[in-house]
Every structure is written in structure tokens, then in C-alpha cells.
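A.B. asks: Below: sequence and its predicted model.
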Amino acid sequence: MQSCGVLAYTIPGHKIIHMNAQALRMYGVENIEEAQSKLGTMLKKVIYPDVDVIEKLKRLHKVDDMVDYECIIGKGEPNECHALATTKVIRVPSGERAVITTFIDVSEMVVLKNALQKAEEGNRAKSTFLFAMSHDLRTPMNAIIGYAELMERHWGDNELTTNYLHKLKGASQFLLALIGNVLEIARIESGKETLNEAPWNLKKINDTLEIVLDREILNKQLHVARNIEIQHADVYCDSLKIQEIIMNLVSNAIKYTPDGGKIDVDIEEMEAVREDSIILRICVSDTGIGISQKYIPHIFEAFTREKNSSESGIMGTGLGLRIVKSFVDLMDGSVIVQSEPGKGSSFIVEIPCRIVSEEERIDQAEQSMPENFLKCKRILLVEDNELNVEIARTILQDVQAEVEVAADGAIAAGMDDYLAKPIEIDKLLRKIVKVLEKK
């Protein structure tokens, strides 16, 4: 059981009568002599969560009484501790009045309480998010089912079924993106998100913009201006994360900008401190509904959406900006937001990228895969899922490899290498080339 700290001193003289070892520890002093010399400072550093306690303790200078309270000793110091205390007026043999205070250190209990409170707040936030998102999930699901039924009823009408098919596809893409965001957040929160840096040409960002703009701008009369100014295009970066940052920011701008509004996308290279690096600056501005100053500090939190955005009927999870912030932090970058309700928002991201040197470009060119490099090569594919077998087999057969399939490792008697899913064609082919070079 935790021992009590005891401190007693005369009033109004403030001469310490007694102080035990526990009290010395709690106040961060070596002995009574040091405590006596620092008593005034020590008492001033005691914080009282209940401000009424201060007046009650002052009354003890004139009235014999007892006060129970909570306090924080040594706030901000290495010895900081939370305590439950009782201060009582006593009379010493000389007839002087004195106060004696007993303390119980409850710091560990407070830490536990705070941790539980944060966990409860997190659970409440997730529950609120799931409740709010249920509508967003049901909307595309209902659309998918509804349009599928309409297609079935009007199967002979090509024009009508084609229209339903386009709408069904759009609802499916939204649902897939929504689920993808939830899975991305789960990976981020579990600490499993890592950087996969490789040489990439930043001018391909224009292709990313084409995809997101073509996909999302069709139904809105928006004016979009884009400007890309990159001098050192070949850099080392995690291209997928950079593209996802841009897609999330542009998608948000489109989502929260009403018909007839304007969106500016400016992507430029800025000078970095290191000569072999650049700063990639991404700025996405819109004339949308904007964000209140009160909500801006919470804009990058998971499972949250500002009230005006959720009540506007705009579908979304509130996860996109959390993903953006996590990716930017992972790349040692920065992101800031400037916004005003009713006047729009600007998101500015800056990410450091190392420039690919001329020597590294030559090495990469030499490592390029030769033509027909897998023609007539026999490949044993080990996979237990029929759909994945079909995908991998088609990829390999397209480069003229001969493919045999084994359902599991036992049937195969071993392996040369493996790839984690999902399969990326370029990574799969390069992995095979690497294995063949060793043989």
C-alpha cells in the first residue's frame, strides 16, 4: 500500500516541525533543511484543481479547521505528482498553531483514469463515426442493388441499361473508395504503414489529376485551373502515397465546392536546404463551403466531420484528411490549412524529395527488363485462391511464360521467393527476373 507523506509547519512562522521521507520525495527535496529553505517556493508550486480550496486553506491561518482536497505537487517538475491531501490545524507543545498535511500519491491512478478517459473518448468518436457513416455506406449499396434490379427489368433497352450501368459503376467506385479509406486508417492506426520509396517522375502527377478530375468533375459545372512547374522531375519518393494525397485533397475540393465554383491546383518545386533534394509543394484551393476556425484544429482527426459538412448531404467518411496528414508526417513533410466559412479552403502540403542523380539514372536504365525475358520460362505459381490464380497466370502468360499451379506450399516441395498481395505487375516480373538471375 502507498505510504503517506506528512508535512507539518507552524503558522504564521512557517517553520517546519516534521517532514517524513515520502513527503521529501513528493516535494523533490533531499532533507528538511533544503525543504525549509525552499518552503515558500514549494507551496507556490502546488496546484489546486478546485479553486475554492485556496480560500479554505487561507482560513486555516485564523480558524481551527480541517480541509480535504486534491492537489498537484511540483507541477511541471520531474517530481510532479497528483495527491489526495488533508490539512488540519494543530497546537504544538509551545502553544503555537501549526498545520499538518498528509498526502497520498495517486499519480498512477490519475494516469490510469486519463488513459481510460481517452479510450472512452476514442470509442465514442468511433461509434459516432460509424453511426454517421452508416448512411454513407447504405446510399451506394442501395444504389447498386437498385440499379441492378432496374437493369434486370429493362434488359432489352440498351440505352436505359447502359445508363443504369454507368450509375451502378459510379456507386461501386464510391463504395470501394469508402471501404479503402477505412482499411487505410486501420493500417495507419495499427502502426503498420511504411514508406516505399523508389525513383518516380513527378510529371506523372498530371496523369493522377486527369483520373480524379475525369472521374469526379463530370456532374459539376466547376472551373478547374491546374499548374505544374517541376524542374527536377525524377526523384525518390513513395509515389502511391503522393498520388493518394493529391487525390484526397482534390476530391475534397470537388466534393465541398458547389456548382459553378472554382478549384486551383498548383504543384511546384521549391528549393530545399540540401542540394540533392527539392521540396514538392502541393496547393489545392477551392471556393467551397469552408471550415470554421473552431474546427480547423480537429480537421486531421480520424472519425470526425464538421457539422455543416455532414448536414449538407455530402457523402464522405471524414477519413481522407486524416490519411493525408499521416502520409505527410511519414514523409517528414508538412500540411497547413487556411479557410473561412462560405469562402473556401486552401490545403498546402510540402514534401522533401531526393533528386535521382545522373549515375542512378544510368544504373536504372541498365536494370531495365529485356524484351521477351520470360518467353518459354517455366514458372510454378503457388496460390490457393482461384481468382488470384487467374490474375497471376494471365500476367505471366502475357509475357509468354509457361505456368503451372500448386494449391499450397506442401504440393510445391518449397519456393524461391514470394510477393505480398495485392499483386503489382511490375513488382512480380522484376521479382521473377531477380530469381532467374541467381540460377
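C.D. replies: Yes, it's here. Numbering: from 1, shown residues only.
A.B. asks: contacts and neighbour counts: CA atoms only from here.
C.D. replies: Noted.
A.B. asks: in stretch 48-56, what counts as buried?
C.D. replies: 53, 56 (16 or more other CA atoms under 10 Å).
A.B. asks: Which residue ranges of the stretch 51-200 of the chain form strands?
C.D. replies: 66-73, 81-91, 97-105, 198-201 (DSSP state E, counting those that start in this stretch).
A.B. asks: could you dump those to CSV with distance to Glu358, mean pLDDT and mean neighbour count?
C.D. replies: As requested, the strands of the stretch 51-200 of the chain are arranged in CSV below (distance: least, CA to CA, whole Å; pLDDT from 0 to 100; neighbours: other CA atoms under 10 Å):
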stretch, distance to Glu358, mean pLDDT, mean neighbour count
strand 66-73, 61, 88, 18
strand 81-91, 58, 86, 19
strand 97-105, 63, 87, 21
strand 198-201, 12, 88, 15
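A.B. asks: Format those as a markdown table; extra columns: distance to Gly5.
C.D. replies: Converted to a markdown table, the strands of the stretch 51-200 of the chain look like this (distance: least, CA to CA, whole Å):
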| stretch | distance to Gly5 |
| --- | --- |
| strand 66-73 | 12 |
| strand 81-91 | 9 |
| strand 97-105 | 5 |
| strand 198-201 | 59 |
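A.B. asks: if we compare these, which one ends up closest to Leu321?
C.D. replies: strand 198-201 (23.8 Å; CA to CA).
A.B. asks: Name the next helix or strand downstream of the lowest-mean-pLDDT helix or strand in the chain, please.
C.D. replies: The helix or strand of the chain with the lowest confidence, counting by mean pLDDT, DSSP states H and E, is helix 307-310 at a mean of 53. As assigned by DSSP states H and E, the chain's next helix or strand after helix 307-310 is helix 320-330.
A.B. asks: That following helix: which residues count as buried?
C.D. replies: 320-328.
A.B. asks: now, which of those residues sits nearest Lys434?
C.D. replies: Relative to Lys434, and with distances defined as CA to CA, the nearest of the buried residues of helix 320-330 is Phe327, at 30.0 Å.
A.B. asks: In contact with the closest one, which residues?
C.D. replies: Residues in contact with Phe327 (CA atoms under 8 Å, 6 or more residues apart in numbering) are 241, 245.
A.B. asks: what does Ile245 give?
C.D. replies: The neighbours of Ile245, taking CA under 8 Å, 6+ apart as the test, are 323-324, 327.
A.B. asks: State the distance from it to Ile267.
C.D. replies: Using CA to CA, to the nearest Å, Ile245 is found at 12 Å from Ile267.
A.B. asks: Was I right to think Lys88 contacts Ile100?
C.D. replies: Yes - counting by CA atoms under 8 Å, Ile100 is a contact partner of Lys88 at 5.5 Å.
A.B. asks: Now for those two: what residues contact both?
C.D. replies: Common contact partners of Lys88 and Ile100 (CA under 8 Å, 6+ apart): none.
A.B. asks: Apart from its neighbours in sequence, what residue is nearest the residue positioned nearest the centre of the chain?
C.D. replies: The centroid of the chain falls nearest to Ser326 when counting by CA atoms, centre = their mean (3.9 Å). Counting by CA to CA, 6 or more residues apart in numbering, Ser326 lies nearest to Ile188, which is 7.3 Å off, once chain neighbours are set aside.
A.B. asks: Report how many residues lie close to the one you found.
C.D. replies: By the measure other CA atoms under 10 Å, the count of residues near Ile188 is 16.
A.B. asks: Roughly how far does it sit from Trp200?
C.D. replies: 24 Å.
A.B. asks: With Lys325 instead?
C.D. replies: 21 Å.
A.B. asks: Going by neighbour count, which residues in the one helix or strand Ile246 maps to are buried?
C.D. replies: Using DSSP H and E, the secondary-structure element containing Ile246 is helix 239-256. Using 16+ other CA under 10 Å as the test for burial, helix 239-256 gives 239, 241-256.
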